[in-house]
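Engineer: what follows is a predicted structure for the sequence shown.
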Amino acid sequence: MTRRDFLKYSVRGLVAATVGTGVFNATAAQIELVRVPVKIRNLPVSLQGLKIGLLTDLHSSSIVSSRLIKASGDLLLSEKPDLIVMTGDFVSGATKFLSGSIGQFKREHVTRCAEALAHLKAPLGIYGVLGNHDFWSGAESVETICETFTRQMGTVWLRNRSVTLNRGGASFRLLGVDDYWEESCSLSAACRGIEADSIRILLSHNPDINDDISLSGKRIDLVLSGHTHGGQIVMPIVGQPVMPSKFGQKYRAGLVRDGDRQTYISRGVGCLLAPIRLNCPPEVTVLTLT
Ligand SMILES: [Fe+2]
C-alpha cells in the first residue's frame, strides 16, 4: 500500500467511524438518563439514598426545541428526585460569533423554556445557578431568566449563597455560585456562615471552579456542573480537541475525583452553534448519595 493509499483509506475510515457511531439531531428520543451513585464521606443515615436530579445547558434557542426541553423534564420527574438542580445556560447568549438567530437574546426563548419545565416538582425544591450564556446577553437576560423560572416553577437562585436542606432530621448545605467567568462569581460569599461539619454540595455551571476550591482550601464534598456539553461533537480517535476549560479534557464529562472532593459534569440537554451532537447524546442525570 502506498502512502497515498494509506492516507486515503485512513480518512475514509475516520469519516465512516464518525458517522457510523452516531450523529444525534438532539431529539427527545436521544436523551440519555444517567444514574450516578455518589459516595460521600460521613453522610448521615437519613441522607443516604437522597436523589438529586440535574438538568443543565438547556440552551433554549431557535435550534433547541421546547419538545426536547420538556422531554428532559419528563425523564427527570420519572425518577422522582428529592430535589432538582439546574446549573445554567438556560439560553444561548449573544457573542461576537453567536449573533443573529442563535445567539440573540429573545424573551420568548426564556418563556418557552420555563413553560416546558413548569411541571417540575421535588419535595426539597428546585434550585438554580446561571451559566456564561445567561450572562452574555446582559442584565435583561439575567433578570428575565431569574424572574420567569421563579414565577413558573418556584426556582430558588443560589447566586453566591447557600441554603440548608433537611431530610429525616439530618441536614446539608446546598451552595451556588455565579458563572466562573463572571466577576460576580464568589466562592467565599457562597461559603459564608456554613457549619464546619456540614455536608456541602456546590452548584457551579463551570467545573473550573475546582481551581478556586483547591486554592482556597475550602472543603466541598460534591460539585455539580455542566458547561462542557461533553464536547458536543466527539470524533473517534481525535476526541474533542477544543474544550472551554483551563483543565483541558479533565472535566469534559462524568464523575471526576480530586482527593475527597468529587465533581459531576453533565453533558447537558441542548446544543450550541448547530442542532447536532456527535457521539455525545443529550443527558439528564440523577445522582444518588450513598
Ligand atoms: Fe452551555
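Structural biologist: Sure thing, it's come through.

Engineer: sheet partners, orientation included, of the helix or strand harbouring Leu224?
Structural biologist: Per DSSP states H and E: Leu224 is located in strand 222-225. The strands beside strand 222-225 in its sheet (DSSP bridges) come out as strand 200-203 (parallel), strand 261-265 (parallel).

Engineer: do you know which of those strands lies nearest the ion?
Structural biologist: strand 261-265 (11.4 Å; C-beta to the ion). Every residue, glycine included, has its C-beta placed from N, CA and C.

Engineer: deepest of the strands paired with strand 222-225, which one?
Structural biologist: strand 200-203 (a mean of 25; mean count of other C-beta atoms under 10 Å).

Engineer: list of residues touching that strand?
Structural biologist: Residues external to strand 200-203 that are found in contact with it (C-beta atoms under 8 Å, 6 or more residues apart in numbering): 52, 85, 87, 127-129, 158, 172-177, 190, 194, 209, 213, 219-225.

Engineer: re earlier: so can I have JSON lines of the strands paired with strand 222-225 showing mean pLDDT and distance to the ion?
Structural biologist: Converted to JSON lines, the strands paired with strand 222-225 look like this (pLDDT from 0 to 100; distance: least, C-beta to the ion, whole Å):
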{"stretch": "strand 200-203", "mean pLDDT": "98", "distance to the ion": "15"}
{"stretch": "strand 261-265", "mean pLDDT": "98", "distance to the ion": "11"}
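
Engineer: can you tell which of those strands is closest to Arg67?
Structural biologist: Each of these has some distance to Arg67 by C-beta to C-beta; the shortest is strand 261-265, at 25.0 Å.

Engineer: and the contacts of the closest one?
Structural biologist: Contacts of strand 261-265 (C-beta under 8 Å, 6+ apart): 36, 38, 54, 207, 210, 213, 219-228, 230, 251-257, 285, 287.

Engineer: ok, of those residues, which come out buried?
Structural biologist: 38, 54, 207, 210, 213, 219-228, 230, 251-253, 256, 285, 287 (16 or more other C-beta atoms under 10 Å).

Engineer: of the residues you listed, which belong to helices?
Structural biologist: Those of those mapping onto helices are Asn210, Ile213, per DSSP state H.

Engineer: keep the buried ones among the contacts of strand 261-265, but drop any that are not near the ion.
Structural biologist: Near the ion, judged by C-beta under 5 Å from the ion, there are no entries from those.

Engineer: with distance to Ile69 added, can I get the strands paired with strand 222-225 in a markdown table?
Structural biologist: As requested, those are exported to a markdown table (distance: least, C-beta to C-beta, whole Å):
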| stretch | distance to Ile69 |
| --- | --- |
| strand 200-203 | 19 |
| strand 261-265 | 20 |
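
Engineer: so which of those strands comes closest to Ser66?
Structural biologist: Closest to Ser66 of these, according to C-beta to C-beta: strand 200-203, at 24.1 Å.

Engineer: pLDDT-wise, which helix or strand of the protein ranks last?
Structural biologist: Lowest mean confidence among the helices and strands of the chain (mean pLDDT, DSSP states H and E): helix 3-20, at a mean of 47.

Engineer: all helices of the stretch 101-250 of the chain, in order?
Structural biologist: 107-116, 132-136, 139-153, 187-191, 209-216 (DSSP state H, counting those that start in this stretch).

Engineer: and the longest one, how far from the chain's centre?
Structural biologist: Averaged C-alpha coordinates place helix 139-153 at 18 Å from its chain's average position (C-alpha atoms, centre = their mean, to the nearest Å).

Engineer: which strands and helices sit next to that helix?
Structural biologist: helix 107-116, helix 132-136, strand 156-157 (3 or more C-beta pairs under 8 Å, 6 or more residues apart in numbering; DSSP states H and E).

Engineer: please identify which of these is closest to the ion.
Structural biologist: helix 132-136 (5.8 Å).

Engineer: hmm, the closest one touching the ion?
Structural biologist: No - under the criterion of C-beta under 5 Å from the ion, the ion is not reached by helix 132-136; the shortest gap measures 5.8 Å.
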